[in-house]
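S.K.: missing the sequence, but the structure's below:
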């Protein structure tokens with residue numbers, strides 16, 4: 001479990017590509033206590049397991065294996081040595097719940113429609129979301145983007161019922177995450193709010209019976 005409060009920007013140190021998977025080493029300023037063998041770390045919002053740990057040039061480095069399902073829903077297959085990754089260690093009992101509940105299971109790899117500065121300090125992020133995911137979004141609701149807990153400022157519906165969601169990025173979030181390296185037309189990882197998904201699932205399962213009972 002994670003909260004979407006990014007604690008460090010990791011740097012890709014090495015990538016070994018196999019036919020259907022990747023082994024990636026990531027350096028970080030996170031405490032090595034978070035990098036124990038088998039520990040979970042959110043990497044751009046994707047929950048990955050530490051399979052190896054070592055130190056390099058006074059930095060902590062952990063290694064993860066990324067399978068084909070995760071590769072299909074993330075940007076990992078596009079990364080190179082030096083790429084940046086948002087990192088958050090798994091939540092522990094007693095930790096602050098500063099964002100919202102996130103599982104680290106990516107739902108969709110979205111496209112950034114717009115990303116630009118709207119004042120001296122703030123940025124506006126607009127992301128395209130297909131209509132099949134619209135039921136999982138609400139205005140002022142939470143959404144996980146590249147492992148960051150953010151708030152949906154607005155939703156614009158297209159004629160074909162696809163959506164454009166608008167998110168305001170404050171200076172702290174911009175500077176403390178890899179959003180500072182993002183631009184329009186790039187892809188980005190999305191995890192929809194688990195509570196909204198649960199409610200939508202219950203409503204979908206109950207609605208047919210309710211309509212039938214009202215007839």
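M.R.: Noted; the coordinates are in hand. Note that the structure is a prediction, hence the values are computed from the model and not measured.
S.K.: use CA for all of it now, contacts and neighbours both
M.R.: Noted.
S.K.: where does the chain dip in pLDDT?
M.R.: Filtered on pLDDT under 70, the chain yields the residue ranges 207-215.
S.K.: That one: helices as residue ranges?
M.R.: All helices of the chain, identified by DSSP state H, fall at 68-72, 171-176, 194-214.
S.K.: how far out from the middle of the chain is the shortest one?
M.R.: Yep, that's helix 68-72 we're talking about. The chain centre lies 14 Å from the centre of helix 68-72; the measure is CA atoms, centre = their mean, to the nearest Å.
S.K.: what helices or strands is that helix leaning on?
M.R.: Helix 68-72 is packed against no helix or strand, with contacts defined by 3 or more CA pairs under 8 Å, 6 or more residues apart in numbering; DSSP states H and E.
S.K.: Can you give the contact residues for it?
M.R.: With contacts defined as CA atoms under 8 Å, 6 or more residues apart in numbering, helix 68-72 is touched by 20, 21, 46, 77, 106.
S.K.: Of those residues - the most surrounded one?
M.R.: Within the contacts of helix 68-72, residue 46 tops the neighbour count with 28 neighbours, counted by other CA atoms under 10 Å.
S.K.: Surely that one and residue 102 touch.
M.R.: No. Between residue 46 and residue 102 there is no contact under CA atoms under 8 Å: 9.8 Å.
S.K.: could I get the contacts of helix 68-72 as TSV with distance to residue 186?
M.R.: Below are the contacts of helix 68-72 laid out as TSV (distance: CA to CA, whole Å):
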residue	distance to residue 186
20	23
21	22
46	17
77	14
106	17
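S.K.: mind listing the strands for this protein?
M.R.: 8-17, 22-28, 40-43, 46-56, 59-66, 84-89, 108-117, 123-129, 142-145, 148-151, 154-157, 163-169, 187-192 (DSSP state E).
S.K.: Go ahead and measure how far the third one is from the middle of the chain.
M.R.: The chain centroid and the centroid of strand 40-43 are separated by 10 Å under CA atoms, centre = their mean.
S.K.: hey, what's the spatially closest residue to residue 115 that is not a sequence neighbour bridged with?
M.R.: What sits nearest to residue 115 in space, not counting adjacent residues and going by CA to CA, 6 or more residues apart in numbering, is residue 125, at 4.6 Å. When assigned by DSSP bridges, residue 125 has beta-bridge partners residue 115, residue 167.
S.K.: got the contact list for residue 125?
M.R.: Neighbours of residue 125 in contact, by CA under 8 Å, 6+ apart: 112, 113, 114, 115, 116, 166, 167, 168, 169.
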